[in-house]
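**Student:** build me a model from this:
(3 chains)
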Amino acid sequence: MNEYYLTIGLEMHCEGSLTNSKVFSSGKNEYSEISNCNVSPVDMGFPGILPVLNKKALAHAITMSLILNARIPEYMYFERKNYYYPDLPKGYQITQNPPEECVGNGGYIDIEREDGSTFRVEIDNFHLEEDAAQLTHLYDTSTINYNRAGNPLYELVTKPCLHSADDAVRFLEHMRSIYQYCGISEADSKKGHLRCDVNVSVSKDPNKLGTKVEIKNVNSFSSVRETIIAETKRQIDLINADRENEIIQETRRWDEETGTTVGMRNKVDAEDYKYFVEPNIPRFKIEQSWIEEIKASIPKLPYERKNSYINDLGLSPYDANIIIKEKGISDYYDECIKLGMDPKTSANWLTVNIMGYLNKEDINITEFFIKPDMLKIIFDKVNDGTISSKQAKDIFNEAIEKHINPKELISNDNAQISDTNELEAVIDKILANNQANVEAYHNGRTNLLQFFVGQVMKETKGKANPSITTEIIQKKLEK
Amino acid sequence: MEFNESTIDKLADLLMIGLTPEENKMILDEFAIIDKNIDKINNIKGIENIKPMTHCLDDFKCKLREDIAEDSPSIDDLLANCKKIDGREVEVPKVVE
Amino acid sequence: MMDKTIIELHDALKSNQVTSQELVNEAIKKSHEVQEKCNAFVTILDDAKGTEVTEDLLSGIPFGIKDNYSTKGILSTGSSNTLKDYVPFFTATAIENLMSHGCVPVNKTCMDEFGMGGTGTTAHTGVQRNPWDPTRMTAGSSSGSAAAVAAGVYPFATASDSGDSIRKPAAYCGIVGYKPTYGMISRYGLFAYVSSLDTCGVMTRSVADAAIVVDAMKGIDPKDMTSWDSSNIHLYQDLTKEVSGKKLFYIKEIVDKNHYTNLPKETEEHLDNFMKTIDIVRSLGIEVDEVSIDQDILNAIASTYIVIGCAEATSNMSNLTGFSFGPRGEGSNFQEIMKDHRTKGFSSLIKRRFVIGSYVLQTVNQERYFKNAQRARRLIVDTIKEQFQKYDGLIMPVGTGVAPKLDNTDRVTDDELTPLEEHLQIGNFGGFPSITIPNGFINNLPVGINITGNCYDDQNVLNIAYALESKMNYKNQIAKEVK
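**Tutor:** Sure thing, here's the model as predicted:
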């Protein structure tokens, strides 16, 4: 691999799911199981309709441009990209072109790797456009649902500046979290909010790019990683087999089943989109004061939160990184801190127990039953010694399973025994019944301590406070 | 790309329209005149320095739309003019990518 | 009654000489007669109901709507087979505005398919004929509206204008055609032809009526980003014949007879008549100058229009697929059914123009054709705007004479008369307010004169036309068939 240089460029499409209305119409921007219930005449391209730009969607695009350190043009306009497809009701998509006229032109963003090192991603452009309708393919028909048609779509195009699948995915994950943090999109792959096109080229010369191959519509970050790895391998194998001429500038797709990229039926000549300026949307000025207003409203972004977790709350960079990845998780954590819960314990519970559960069940934290205030009840009961940490976990699991507030599950029935007198009685009995082991302990087998603790636990059905128990046993044995 | 009969047929095909041979011929003739007249435009001194006029008025003061959603028309209205419907959706022959 | 002006009808309604329903019935009856003779309508609304008569000048009065305006529950075809069965569920803003004044639509008028073409012969309902002489065209694209107003079906009909589609048929029918400044009337619900040129407007038989109707149609519309606030403009209320001291110009290269090597006799008479009208204009105290404009710029007008028009049109009509509205084509895949729909649905003219439009938009061709046409557009507009610094308006003859015979086909032409034939397109390039009024007859057929002013200066343009109209005898004339 050393003799080859891999270069990756990404096009990341993110549907702006968090506006009320669509980008060029007043149709509702809302996911629905019911087809064609969030549609305006504009979204279906009826004769006589006209586009009207949504201020909020543009504000979101400007937010992203600012975060990407891109140049925002003084005047803005839109273009039509003309082509026919049943999911494109007007026969053209309103978008932005060329890069220097887009809401974001050029720019960069610095990304941190897991090991703490950083790399810079150069941005070609960032633009605002409209989404297409959704086609469902049945046995011999396809059906068109226009609910999605006209939803704001943000497209981020990087320069070919990434050199590993890890960096590519790291960058995408960071961008996804920014979309979430800024309230622009839920950026939920499962809802189809994210789609990527990946450009891969391999070269022997570090100063020259190889032939660019585009892999379209890669719909999850894990697929992006696999796509890059598979396409890189394909290209290297071809070069090694002296078949470099078979690497052509083309569009391929990721085939999940075979784990390879597959060439798409190439048209004889590339489609000409006949871009021209959308005459129905006047060229308009983006006031500097508005940009300043938007800039001031950008919330704390993931890296800022991470730094505060590490520096102010003493988390490990590892835990901090996990927590900030998704805004929902980070918000949950912030809520815990606000409720006065211990930062490290909270982080631990969140990254291990809660995220473990979310991954297993494949759900979002917003759908998670135990809210921070409920978690606090469990924490408090551990802290005041009412329950053991083992019990805490049991209560946590039971609460999730039965959707019962943990408060209801912590009763006298399962309360921890911390009463020294009560514990001493049990311990004395156990020591008396195990004289041989007591002797062995005195002869140096100090690890038998755990055996005695275990016996106490068994006797008390796990309710004995483990630290107090250990302390008492130790004291009695040392006598 | 030269403007000839096969160009015309190719463009028509991309536009999803069929042309008769007579129509093809007419386009060729009409285009010849346009082409000649375009030369008149292209020969205007300094034309290349003029900014293309893409909109009708140069001094539009447009207001962007506030992000307020309106209710969808009823499904009956939306699909009233559609000839092939499957449930609440528009049906077309299977679209093969 | 239908040969009366809006004010006269309003007075008759107010004084109970006639009811709204009687007017509507008369308009419907007249519609059928004109349909028989001129084929002017796509739809006649036989069960239209009269409305309550209020203080509003338009209340209770019947009118016609060009078929490229979307009308809820009423067939709206744009005179195309691609929409031959399309019944919209929403109404164009301009029509909604108008109907809020209580006037009653009684028919949808035919047009050149989607506004493209200037003959009135490409409607899917067939050739449309001139009420003055059924062997002649009314020109287009607002052919049905022009014919119906001229024939006295009602006092006004809505129309639209992308090149001269209101102002030329008005001349050929001896009536008034007014295209306001671009964006004064919302285009929401108007079927798009050339979005950067399309303008809603009206055909009437008097300038005052045009002012009344546009007052009712106009207004900023949140559904049209190119519409603007004209709430401080009250065209009818501020109409005045006090125009002494105003200054107009005409273009020497187009109007001067000596400029032509081969001038048809009819055109010569037309230009002579124009100069006679100029004398009347001067008698109003208006100064009229002859201004020379670079011939290269004048020669660029027609090509500029056709290149921009074809390009925008081919994109605008890409929504016509037959999938969710319009007749469904036949075929086994979406390409086939779409192609079938479009091949059967569009007239030959449109198909030809689409091919040209798509060619000039191709990336490799854009500079030479589309962008240079857009550059020429700016050059033409700037040239005229420069004159508007000195003049209140441009006054010009409309077309080369009277309505041509119908056996003329609509082809791209190129000769020395082209600038005279096509100069009204300047009004669309610049979004200028522009009005045609009748200014006489040649061989018993009407001809027209046009006044065009700077953007937003609609009042000035209307006032000059209003004053001039009062000095001539063609106000509110009804077509008399020439035998």
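**Student:** residues making contact with the helix or strand where residue A:337 lies?
**Tutor:** Using DSSP states H and E, the element containing residue A:337 is helix A:327-338. The contact list for helix A:327-338 (C-beta atoms under 8 Å, 6 or more residues apart in numbering or on different chains) reads A:177, A:180-181, A:302, A:305, A:309, A:313, A:322-324, A:343, A:346-347, A:350, A:354-355, A:364-366, A:368, A:371-372, A:375-376. The way it works is simple: take the backbone N, C-alpha and C, and place the C-beta from them, glycine included.
**Student:** helices - which of those residues land there?
**Tutor:** Judged by DSSP state H, those include A:177, A:180-181, A:302, A:305, A:309, A:322-324, A:343, A:346-347, A:355, A:372, A:375-376 as members of helices.
**Student:** buried ones only from those residues, please, as a PyMOL command.
**Tutor:** The buried subset of the ones in helices among the contacts of helix A:327-338, as determined by 16 or more other C-beta atoms under 10 Å in any protein chain shown, is captured in PyMOL by this line:
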select buried, chain A and resi 177+180+181+302+305+309+322+323+324+343+346+347+355+372+375+376
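**Student:** list just the nearest of the ones in helices among the contacts of helix A:327-338 to residue C:386.
**Tutor:** Closest to residue C:386 out of the ones in helices among the contacts of helix A:327-338 is residue A:181 (53.1 Å), distances taken as C-beta to C-beta.
**Student:** what's the spacing between the nearest residue to the closest one once chain neighbours are set aside and residue A:188?
**Tutor:** With C-beta to C-beta, 6 or more residues apart in numbering or on different chains as the criterion, residue A:181 has its nearest non-adjacent residue at 4.9 Å, and that residue is residue A:327. Noted for residue A:327: a distance of 11 Å to residue A:188, by C-beta to C-beta, to the nearest Å.
**Student:** with neighbour numbers in mind, choose between these two.
**Tutor:** More crowded of residue A:327 and residue A:188, by other C-beta atoms under 10 Å in any protein chain shown: residue A:327, with 24 against 16.
**Student:** so what pLDDT did the more buried one get?
**Tutor:** At residue A:327, the model reports a pLDDT of 88.
**Student:** next one: residue A:11
**Tutor:** pLDDT for residue A:11: 98.
**Student:** and residue A:399, by the same measure?
**Tutor:** 89.
**Student:** what about it, neighbour count?
**Tutor:** Neighbours around residue A:399, by other C-beta under 10 Å: 22.
**Student:** confirm that it sits in a strand.
**Tutor:** No - applying DSSP: H, G, I helix; E, B strand; the rest coil, one finds residue A:399 to be helix, outside a strand.
**Student:** if we ignore the residues flanking it in sequence, what's nearest it?
**Tutor:** residue A:406 (4.6 Å).
**Student:** buried ones in stretch C:250-262, by neighbour count?
**Tutor:** By 16+ other C-beta under 10 Å, the buried positions in stretch C:250-262 come out as C:250, C:251, C:253, C:254, C:255, C:259, C:260.
**Student:** sorry, slip of the keys, the one I care about is stretch C:217-235.
**Tutor:** Under 16+ other C-beta under 10 Å, the buried positions of stretch C:217-235 are C:217-221, C:223-228, C:230, C:233, C:235.
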